[in-house]
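Trainee: okay, sequence plus prediction incoming.
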Amino acid sequence: MLYKRLNRRLVSLAVTVCLLFSLVIPFIIPGKVMAADQLATYTIQELKGKAIDFIHDKYQAGEKIDGYTAYVLTAAGADVSAWVYNNASFRDSVINSVYDTLEDASPVPAKVIAQQLLAVSEWGRGDLVAQLADVLKARQKPTGSFDDNIYSDIPAYEALGIAGQLSVINTDYARDYILNARYTTEGENYGAWGSTWGTDFYPDFMTTCQAIRALTYLPNAAGNQQIQIAINNGLAYLQKWQQEDGGVYYKTAGWSDDPVVDTAELIVTLNTLGKDPLGWKNSQGLTPVSYMMFKALNDDGSFGAYKNILDATEALNTYHLFNGTINPATPLGLNITPATATVNVNGQQQYKAVMNYFNGTSSDVTREAAWSVDNGNIAEVVNGLATGLQTGQTVVWATYNGLAATASLTVTESASSSTGGSGGCTVDIAVVGRNGELLYGPGAVTVSKDGRWGLTALGALEATGLPYEEAGGFVKSIAGLANSGMNGWMYKVNGSVPMVSASQEIVRDGDQIIWWYSMDLNSPGPTWDSLLKGSTPASPVNTTPADLKEQNKRLFEALQAPDAALDAMGKINQLLELKEDAAEIAPLSEVKNAVVVTGSDKAMNRAEILALKKDLLQNKIDLAQEVSASAGAIISDPKAEIALSIPAGALTKDVEITVKKGSGGNTAPTPPPAGYRQISAVYNFGPDGTTFAVPVTLNLKFALPPLVQPENLALAWYDKTKASWVALPAVVDLSKGLILARIYHFSGYAVFVKEARKAFLDVTPASFGWAQDTIETLAGAGIVAGVDGSRFEPGRAVTRAEFASLLAKALGLKVKAGEMNPFKDVKGDAWYAGAATAAAGNGLVKGYEDGTFRPDNVITREELAAMLVRAGNLPAGEEKLAFKDSDKISTWARKSVAVAAAHGLVKGFEDGTFRPGDAASRAECAVMVYRVLVAE
């Protein structure tokens with residue numbers, strides 16, 4: 001936009017224009033809007049992957065990538081150190097450019113310097129961050145500017161803010177500079193940022209977004225009225241550029257910015273302000289999120305109108321922000337197929353309305369959508385079936401859930417031009433009885449739109465001529481075979497079990513429909529191929545139930561269960577050796593095993609578990625959602641802690657479902673039985689006592705506490721009548737910190753753990769009583785072991801090899817792929833070789849200057865302190881040592897001992913000494929490792 005306008009100015013401005021062109025984004029008029037029936041849907045992870053792949057391909061082709069793109073790639077999870085071009089990694093290339101800047105920064109724009117700072121900040125290079133910040137500090141002028149160019153200065157301010165380095169410069173100068181650069185005269189540009197040439201002001205969309213974000217990082221920005229007014233006016237300017245496709249980008253009759261760049265910048269701005277981009281809806285209900293999900297990616301794998309690295313970077317940054325913040329089931333766009341159609345007078349065309357969701361899935365909402373036409377004299381439309389009334393052209397509309405879509409319809413007099421249908425469709429159908437016998441088909445039937453059920457799966461059943469009974473669109477009996485208990489009639493279309501009643505599932509020419517009497521809710525039923533071959537297996541081995549997969553795809557990514565967990569859930573009763581129809585196990589006090597554990601090979605590490613625990617503690621849940629019995633629903637909180645998947649037919653009537661997370665810690669209405677400990681909040685589902693005709697799937701996040709064997713976990717519901725907790729079959733997935741279960745009624749639910757302990761004859765209250773509880777807990781968790789079946793030898797000294805092994809086991813450390821043993825005195829077949837290598841690879845143990853580990857040396861108390869500090873990743877603080885013998889602590893260990901003491905990991909003796917050179921005993925090591933494990 002800015003360049004387009006400026007290049008029409010006088011030749012005398014040419015030099016300035018060239019500079020501006022190097023600093024602002026390139027623009028191009030966008031292409032045509034994608035047709036309604038061409039919406040491409042991808043998951044957020046797929047879009048992130050495509051953006052990363054595009055940038056990687058450009059890098060391999062020799063294109064230069066700047067520090068900002070390096071920052072975005074790293075934040076999005078790309079390992080840029082593995083990108084190699086001309087024998088140098090991408091990361092090293094950026095760092096080399098930083099060194100070049102530090103050697104001579106005079107020709108480098110402030111924007112570039114700040115973007116380099118962002119990249120090295122993301123890589124943890126605090127030394128380079130400080131030096132680059134000092135360069136900008138020295139360059140800043142009393143006017144607030146670095147380069148006397150708003151298109152370099154504003155991005156530099158924002159980058160400093162993101163990196164937490166804004167305080168290095170003069171923030172008063174920065175504030176005044178940013179505020180003075182906005183347009184404050186009433187008119188179409190009011191509230192925008194840009195530049196003035198002569199008497200003309202040229203607004204710039206991207207700079208306006210960057211300026212708003214930069215303001216938020218200034219000290220006391222939230223309490224500064226002038227800053228808040230500027231932000232609000234800037235947002236008002238941006239919002240007026242929302243387009244029909246949901247994107248928000250500058251567009252006039254003669255010019256348009258790159259829609260992807262502008263829309264991405266707007267979304268990042270809203271995210272910075274804590275505002276929901278889904279709230280920016282146009283008249284058809286489309287949002288900036290819709291645009292980025294459906295319109296940003298081009299067919300060739302590029303992004304945006306200009307198809308360059310900047311487009312892909314802006315898109316990637318947006319997708320990274322979306323991840324985990326938007327409910328996967330959020331509807332983003334509605335489209336109609338076909339987009340155009342021609343019928344003759346009295347001819348018909350069946351349109352299909354498809355809702356596209358954030359997670360890349362879609363659903364047919366033809367039946368649920370509201371249909372209309374612009375000109376009711378030309379055509380009429382009912383449930384998507386349009387009928388031509390007189391010649392002419394009109395627009396067909398579908399609206400659903402606040403979204404709208406259109407298609408064109410032409411009505412002619414010539415029957416030969418009709419592409420419409422005859423009011424019916426032909427489908428293949430089979431009906432399979434309780435014992436696998438075929439009651440009908442497989443064969444074709446014609447379904448009439450004028451029939452009782454129209455073009456639906458229930459209409460197809462009626463077309464078979466078999467007698468049936470239904471209630472509310474749900475089938476109760478076919479050919480005299482009625483539903484009984486948890487057994488009954490199910491159906492699927494083209495291999496998938498719909499989550500709506502059969503009276504709502506629209507069918508079309510060529511669809512394959514199977515009705516079967518299910519004796520196992522976990523069975524996906526017979527396949528069409530098996531029916532043609534005369535075989536109707538009820539439950540193929542090692543398959544995941546179809547309904548679980550369908551539900552799982554619509555959940556937040558954080559709540560989506562891996563395939564292994566879904567497989568286990570599908571045969572949970574078999575794995576736990578329960579009766580086939582068992583919905584629960586027993587009261588908690590009587591349970592031996594209540595879970596099947598998956599994901600052990602990819603279990604979350606300690607840092608990830610602590611981060612999850614913090615998120616769960618801070619998250620509050622108080623949900624209420626109306627659920628239609630015929631449609632079912634997915635209910636989930638925005639932070640992806642819990643999800644209920646309620647399939648169609650589970651409820652007998654429409655009802656408001658509530659989900660409330662107990663507050664005030666993990667306080668249960670009745671304490672668990674002896675030997676059990678509650679490790680989650682209580683989740684109360686309502687209305688209390690609600691039961692389900694088919695089970696509801698519960699997906700719940702949890703943080704595995706330290707020293708807990710996952711096999712000892714249990715998910716239980718609270719039985720008010722008996723004031724007790726009852727365990728139910730569940731799957732625990734350690735890779736995502738997730739528990740899955742099927743529930744048949746509402747109550748309070750919580751996660752518990754059976755605490756395992758192991759006692760030793762030589763660890764008693766009278767002997768090592770100060771360590772007894774810790775040793776028995778660690779032994780129960782399998783972290784430490786006795787020297788035989790009954791003794792622990794708590795006073796024996798511990799060797800360096802033994803302690804490395806203890807640390808590796810306690811922290812779950814494993815040898816990384818390609819990692820080599822760094823110690824020359826540790827043989828590959830030594831029992832401790834793996835532990836020593838893993839501990840060294842994670843920076844927990846170090847060898848001596850001669851390259852040895854000296855595994856048989858006893859570990860001293862000061863060596864122990866150093867390893868514990870590394871294991872706990874504890875920050876260095878002021879070196880304060882209060883021990884009487886502090887002067888005896890080795891110089892290399894002084895800081896570690898001080899940090900360990902400050903965090904309570906090590907303590908002195910009663911006489912005030914630390915005794916740094918003394919050998920650490922097995923009891924001491926156990927207690928100190930325990931303190932590391934339970935520390936947060």
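Mentor: Perfect, thanks for sending it.

Trainee: residue 623 is in contact with residue 634, isn't it?
Mentor: No: with contact defined as C-beta atoms under 8 Å, residue 623 does not reach residue 634; the gap is 11.6 Å. From N, CA and C alone the C-beta is placed, and that goes for glycine too.

Trainee: these two: which has the busier surroundings?
Mentor: The neighbour comparison of residue 623 against residue 634 (other C-beta atoms under 10 Å) goes to residue 634, with 22 against 16.

Trainee: list the contacts of that one.
Mentor: Going by C-beta atoms under 8 Å, 6 or more residues apart in numbering, residue 634 touches 329, 551, 554-555, 643-646.

Trainee: how about residue 683?
Mentor: Applying C-beta under 8 Å, 6+ apart, the residues near residue 683 are 621, 642, 659-662, 700, 748-750.

Trainee: in ChimeraX, how would I select just the buried ones from the residues you listed?
Mentor: Buried residues within those, by 16 or more other C-beta atoms under 10 Å, are selected in ChimeraX with:
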select :621,642,659,660,661,662,700,748,749,750
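
Trainee: mind putting the contacts of residue 683 into TSV with secondary structure and distance to residue 84?
Mentor: Formatted as TSV, these follow (DSSP: H, G, I helix; E, B strand; the rest coil; distance: C-beta to C-beta, whole Å):
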residue	secondary structure	distance to residue 84
621	coil	46
642	strand	43
659	strand	49
660	strand	52
661	strand	48
662	coil	52
700	strand	43
748	strand	55
749	strand	50
750	strand	50
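
Trainee: redo the contacts of residue 634 as TSV? Include pLDDT, secondary structure and neighbour count.
Mentor: Shown next, in TSV, are the contacts of residue 634 (pLDDT from 0 to 100; DSSP: H, G, I helix; E, B strand; the rest coil; neighbours: other C-beta atoms under 10 Å):
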residue	pLDDT	secondary structure	neighbour count
329	77	coil	19
551	82	helix	25
554	80	coil	22
555	83	coil	21
643	92	strand	27
644	92	strand	24
645	90	strand	25
646	88	strand	25
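
Trainee: what's the closest of those to residue 425?
Mentor: residue 554 (27.3 Å; C-beta to C-beta).

Trainee: contact partners for that closest one?
Mentor: 328-329, 357, 359, 361, 634, 645 are the contacts of residue 554 under C-beta under 8 Å, 6+ apart.

Trainee: do residue 654 as well
Mentor: Counting by C-beta under 8 Å, 6+ apart, residue 654 has contacts 626-629.

Trainee: so which of those residues are in strands?
Mentor: Residues from these lying in strands, with DSSP state E as the criterion: 626-627.

Trainee: where in the stretch 751-900 of the chain is pLDDT low?
Mentor: 875-879 (pLDDT under 70).

Trainee: 50 instead?
Mentor: Scanning the stretch 751-900 of the chain for pLDDT under 50 picks out nothing.

Trainee: got it, and the chain?
Mentor: The low-confidence ranges in the chain, as defined by pLDDT under 50, are 1-38, 415-421, 536-546.

Trainee: and the next helix or strand past the longest helix along the chain?
Mentor: Identified as the longest helix of the chain according to DSSP state H is helix 44-60. On the C-terminal side of helix 44-60, the closest following helix or strand by DSSP states H and E is helix 67-75.

Trainee: reformat the contacts of residue 654 as CSV; add neighbour count and distance to residue 243.
Mentor: What follows is those, written out as CSV (neighbours: other C-beta atoms under 10 Å; distance: C-beta to C-beta, whole Å):
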residue, neighbour count, distance to residue 243
626, 9, 33
627, 19, 35
628, 17, 34
629, 19, 39
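
Trainee: pull the most distant pair out of the contacts of residue 654.
Mentor: Of all pairs in the contacts of residue 654, the most separated under C-beta to C-beta is 626 and 629 at 10.8 Å.

Trainee: joint contacts of those two?
Mentor: 654-655.

Trainee: quick one, domains of the protein?
Mentor: 22-322, 331-417, 424-543, 548-754, 769-934 (automatic domain parsing).

Trainee: just send those domains back as TSV, with distance to residue 761 too.
Mentor: Shown next, in TSV, are the domains of the chain (distance: least, C-beta to C-beta, whole Å):
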stretch	distance to residue 761
domain 22-322	49
domain 331-417	57
domain 424-543	47
domain 548-754	22
domain 769-934	5
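
Trainee: for those, which one sits closest to residue 763?
Mentor: Here domain 769-934 is closest among the domains of the chain (C-beta to C-beta), at 5.1 Å.

Trainee: next one: the closest one to chain centre, how far?
Mentor: For domain 769-934, the distance from its own C-alpha centre to the chain's C-alpha centre is 37 Å (C-alpha atoms, centre = their mean, to the nearest Å).

Trainee: for stretch 234-254, same thing?
Mentor: Mean-position distance between stretch 234-254 and its chain equals 29 Å (C-alpha atoms, centre = their mean).

Trainee: who touches that stretch?
Mentor: 1, 30, 33, 182, 189-193, 203, 205, 208-209, 211-212, 256-263, 266, 269, 273, 280-284, 286-291, 295, 333.

Trainee: filter those residues down to the buried ones.
Mentor: Among those, those scoring as buried are 1, 30, 182, 189, 191-193, 203, 205, 208-209, 211-212, 256-263, 266, 269, 280-282, 284, 286-291, 295, 333 (criterion: 16+ other C-beta under 10 Å).

Trainee: got the buried residues for the longest helix of the chain?
Mentor: For helix 44-60, the neighbour count (16+ other C-beta under 10 Å) marks 44, 47-52, 54-56, 58-59 as buried.

Trainee: nearest to residue 595 among those?
Mentor: For the buried residues of helix 44-60, the nearest to residue 595 is residue 44 (29.8 Å; C-beta to C-beta).

Trainee: burial of the nearest residue to residue 516 once chain neighbours are set aside, as a residue count?
Mentor: Excluding the flanking residues, the one nearest residue 516 by C-beta to C-beta, 6 or more residues apart in numbering is residue 432, at 4.1 Å. Using other C-beta under 10 Å, residue 432 is surrounded by 25 other residues.

Trainee: surely residue 432 and residue 527 touch.
Mentor: No: contact between residue 432 and residue 527 fails when scored by C-beta under 8 Å: they sit 10.9 Å apart.

Trainee: tell me where the stretch 651-800 of the chain has strands.
Mentor: With strands called from DSSP state E, counting those that start in this stretch, the stretch 651-800 of the chain shows them at 655-661, 676-678, 683-686, 691-701, 713-719, 724-728, 730-733, 738-745, 748-754.
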